[in-house]
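# Give me the fold of what follows.
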Amino acid sequence: MRASIADLQAIPAFSKLDPRALALVQGAVVERTFPPGQMIFLEGEPGQGLWFLKDGRVRIYRVSAEGREQGFCVMRAGMCCGCPLFYGETNPASAQALDTVTMYFIRAAAALGLAEQSPEIGRALFGVFANGEKILSSLVVSLSCSHLAGRLAHLLLEQSQEPRARPHPQSPPSVAFSHQDLAGLLGTSREVVTRSLDRLARARAIQLGRRRIVILDPAKLRAMAR
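The predicted model follows:
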């Protein structure tokens, strides 16, 4: 399916492109859909190009030599998932769909060709790289929390800022994660995540529901995330 100009303008990297540049991007983009749980790309495999998230959530993670997963982050609509074009020839991490996910894919050769044709597109793609650096900085902040409850609080706060976390303006934000999802993102076991969530719930920072966590007191989460 071909992406519309309006859909491409909803991607922050392309939102300020002029009509000619948008038309060039539109000609290079391929739209793909992934069901929950499906792998989008794997760590160590040759990087094929750039993936832009239209809707849904994608988990980015690596696996250690001991076989332990370390979650990096959850990518959200509008973000670029995996940039081997900038980081090297192989994927630096794996990406897995958490929900039904729609993505726009641009092959590496096509992306480089677009940058050569249009300096405006080249600047937009450089902005993708700069945003990736911000994500890495956020990861460093999260990992600086030595205790898991702090890293969990940081993750919940970050995800609660998304528009989809507050479908009704008067309701408190909530995030849709299972305990196993969180364990994978934080690189720990489901049992440890359950204990940490119970601790946050006892502090009345959150309320636990079925595959959904309601944020009751963001200030308490911020204090725990320090």
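
# list the buried ones in the helix or strand Arg62 falls within?
Applying DSSP states H and E as the criterion places Arg62 in strand 58-63. Using 16 or more other C-beta atoms under 10 Å as the burial criterion, the residues of strand 58-63 that qualify are 58-62. (C-beta placed from N, C-alpha, C; glycine too.)

# need these in CSV with distance to Ser178, can you?
What follows is these, written out as CSV (distance: C-beta to C-beta, whole Å):
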residue, distance to Ser178
Val58, 16
Arg59, 12
Ile60, 18
Tyr61, 15
Arg62, 21
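
# Can you list the low-confidence ranges for this structure?
Low-confidence segments of the chain (pLDDT under 70): 1, 82-88, 130-146, 163.

# Show the contacting residues for Asp99.
36, 56-57, 176 (C-beta atoms under 8 Å, 6 or more residues apart in numbering).

# Could you rerun that using 7 Å?
Residues counted as contacts of Asp99 (C-beta atoms under 7 Å, 6 or more residues apart in numbering) are 36, 56-57.

# looking at the residues you listed, which has the most residues close by?
Ranked by neighbour count (other C-beta atoms under 10 Å), the contacts of Asp99 have Arg57 at the top, with 24 neighbours.

# nearest spatial neighbour of that residue, skipping sequence neighbours?
Of all residues not flanking Arg57 in the chain, Leu98 sits nearest, at 4.3 Å (C-beta to C-beta, 6 or more residues apart in numbering).

# measure the residue nearest the centre of the chain to Phe177 for me?
In the chain, the residue lying closest to the centroid (C-alpha atoms, centre = their mean) is Met75, at 0.8 Å. Counting by C-beta to C-beta, to the nearest Å, the separation of Met75 from Phe177 is 14 Å.

# circling back to that earlier point, my guess is the residue nearest to Arg57 meets Arg59, correct?
Yes. Here Leu98 lies in contact with Arg59, judged by C-beta atoms under 7 Å, at a distance of 5.4 Å.

# joint contacts of these two?
Counting by C-beta under 7 Å, 6+ apart, the residues touching both Leu98 and Arg59 are Val74.

# distance between the helix or strand hosting Gly184 and the chain's centre?
Assigned by DSSP H and E, Gly184 belongs to helix 179-186. Helix 179-186 sits 14 Å away from the centroid of its parent chain (C-alpha atoms, centre = their mean, to the nearest Å).

# In CSV, could you pull the C-alpha coordinates for the helix or strand following it?
Using DSSP H and E, the next helix or strand after helix 179-186 towards the C-terminus is helix 190-202. C-alpha atoms of helix 190-202 as CSV (Å, rounded to 0.1, in the frame of the first residue of the first chain):
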residue,chain,number,x,y,z
ARG,A,190,8.4,-11.4,35.4
GLU,A,191,8.5,-12.2,39.2
VAL,A,192,10.8,-9.3,39.9
VAL,A,193,8.6,-6.9,37.8
THR,A,194,5.5,-8.1,39.7
ARG,A,195,7.1,-7.3,43.1
SER,A,196,8.2,-3.9,41.8
LEU,A,197,4.8,-3.1,40.5
ASP,A,198,3.2,-4.2,43.8
ARG,A,199,5.6,-1.8,45.6
LEU,A,200,4.6,1.1,43.4
ALA,A,201,0.9,0.2,43.9
ARG,A,202,1.3,0.1,47.7
